[in-house]
Each structure stands twice: as structure tokens, then as C-alpha cells.
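# need coordinates for the below:
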Amino acid sequence: CSNCSSFLSNCVACGSTTSTCLTCATGYIVNNSVCNTCATFLTGCSTCASTTVCTACLNNGYVLSSGTCRLCNVFINGCLNCSSTSVCTVCDSANFFSLNGSYCVCSPGYFLNSSQRCQQCATNCTNCVSPLSCINCISTFAPVNGVCTICSNLMTGCLQCTSNVSCTMCDSASQYILSG
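From the prediction side, this is the model:
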């Protein structure tokens, strides 16, 4: 007596002849009487019910959806690894995405452009919604009509400000003091 797997790789149950496999090991599926990996027929699939239906995906870069493994970023923009179609666990930091709860957002100093990519804000801007619409600037600048403007140009003697009318640090070396 011989074991089926001696003749057919990854086969656990043979037919009446040793050249016909009926059942394959986990992660394999019978096709034309031999065992093939599920990933041969279904991208990213580790376990399958048939050559067209996946039951588990290879790694966290894929998520199971209607019997098919799909890349996480198909469901969650900027997501590299996910535990479901709505929960991301690792974002694409190389492209400036960072994890915020269960989804990915652009890292500080970046905004999501029309191509769904994180694009850098303008110089001196720390938070923006477009290249021409800054919300927050570095401490020595303030947003004026969406553009970061140096505080000393907005208010004489001002070194740091939060807006064009709110100075938070004066140039004491030039004898300016914070008032009001």
C-alpha cells in the first residue's frame, strides 16, 4: 500500500488510481486531478472552496470580500494591511498616510488631493485642505486667506502669532511687549 501523497504532491485522498487526486491538503485545490495552490487561481488566496471561491486570504495586505481576496487599499485609501473591509491596521507611511482609528488620513503637513494621494501643503503650512488653503501654520506664521504669512509682516514687533490679529510672542530685543 502506498500513500496518495507519494505520487501526487499535496494530495490527501486519491481516486481509484494513484494519478487522480480527489482531495488536497489545506491551501490547495484539485484541478485536472492534481493539487494546485489556491493562489494559482485566486490572487492573494490561502484557502479556497473551489478555483473560483476563496475562503481565506494569504496575509493582511488582502481582505476577503464575496469569495475574492482584494487589496486593503481598494476599500480603505492608503491602507496596506487590514482586518476587514472597514478596519485598517497599517497605513502607507511611505506615501504620507497615517492611521487614525481604523482608517488612514494624510500625515500632518499633507492633504488628500483629487487623485486620492497625500500631497504636501505649502511651505510653512502644517495643516491644509489644498495647496492654496492653509488652516494652520508654523508658529512664526499665520494663515491669511489660506496663505501662511510671517507674523512680523502682520503686526509690528510680533514674532509668533495664531492669526493676523493675535500675537503670542513679541520681539523683546526690540523693546516690544505683549499687551491686551
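# low-confidence stretches in the chain?
1-5, 18, 180 (pLDDT under 70).
# how about the residue positioned nearest the centre of it, what does it touch?
The residue lying closest to the centre of the chain (CA atoms, centre = their mean) is residue 79, at 2.0 Å. Residues near residue 79 by CB atoms under 8 Å, 6 or more residues apart in numbering: 72, 73, 88, 90, 91, 92, 97, 103, 104. Quick note: C-beta positions are derived from backbone N, CA and C, even for glycine.
# just checking, the second one touches residue 80?
What it means is residue 73. Yes. Residue 73 lies in contact with residue 80 (CB atoms under 8 Å); the separation is 7.2 Å.
# now do the shared contacts for these two.
Common neighbours of residue 73 and residue 80 (criterion: CB under 8 Å, 6+ apart): residue 92.
# bridged to the residue nearest to the centre of the chain, which residues?
When assigned by DSSP bridges, residue 79 has beta-bridge partners residue 91.
# when you give positions from now on, start the count at 34
Renumbered: residue one is now 34, and that last one reads residue 112.
# quickly list what residue 182 is bridged to.
Bridge pairing for residue 182 - DSSP bridges - gives residue 175.
# ok, it - contacts?
Neighbouring residues of residue 182 by CB under 8 Å, 6+ apart: 174, 175, 176, 197.
# spatially, which two of those residues are the most separated?
For those, the farthest-apart pair by CB to CB is 174 and 197; their separation is 10.5 Å.
# related to what we said a few turns ago, from the contacts of residue 112, which is closest to residue 68?
Distance to residue 68, by CB to CB, is smallest for residue 105 among the contacts of residue 112, at 28.5 Å.
# quick one, phi/psi of the closest one?
phi -60, psi -40 (degrees, to the nearest 10).
# distance check, it against residue 127.
15 Å (CB to CB, to the nearest Å).
# the two: which has the busier surroundings?
residue 105 (27 against 7; other CB atoms under 10 Å).
# doesn't residue 96 make contact with the more buried one?
Yes. Counting by CB under 8 Å, residue 105 touches residue 96, with 5.5 Å between them.
# need the residues touching each of the two.
Shared contacts of residue 105 and residue 96 (CB under 8 Å, 6+ apart): residue 115.
# using the three-state scheme, assign the residue nearest to residue 169 when sequence neighbours are not counted.
Nearest residue to residue 169, sequence neighbours excluded (CB to CB, 6 or more residues apart in numbering): residue 160, at 4.1 Å. Of the three states, residue 160 takes strand according to DSSP: H, G, I helix; E, B strand; the rest coil.
# beta partners of residue 191?
Beta-bridge partners of residue 191, counted by DSSP bridges, are residue 203.
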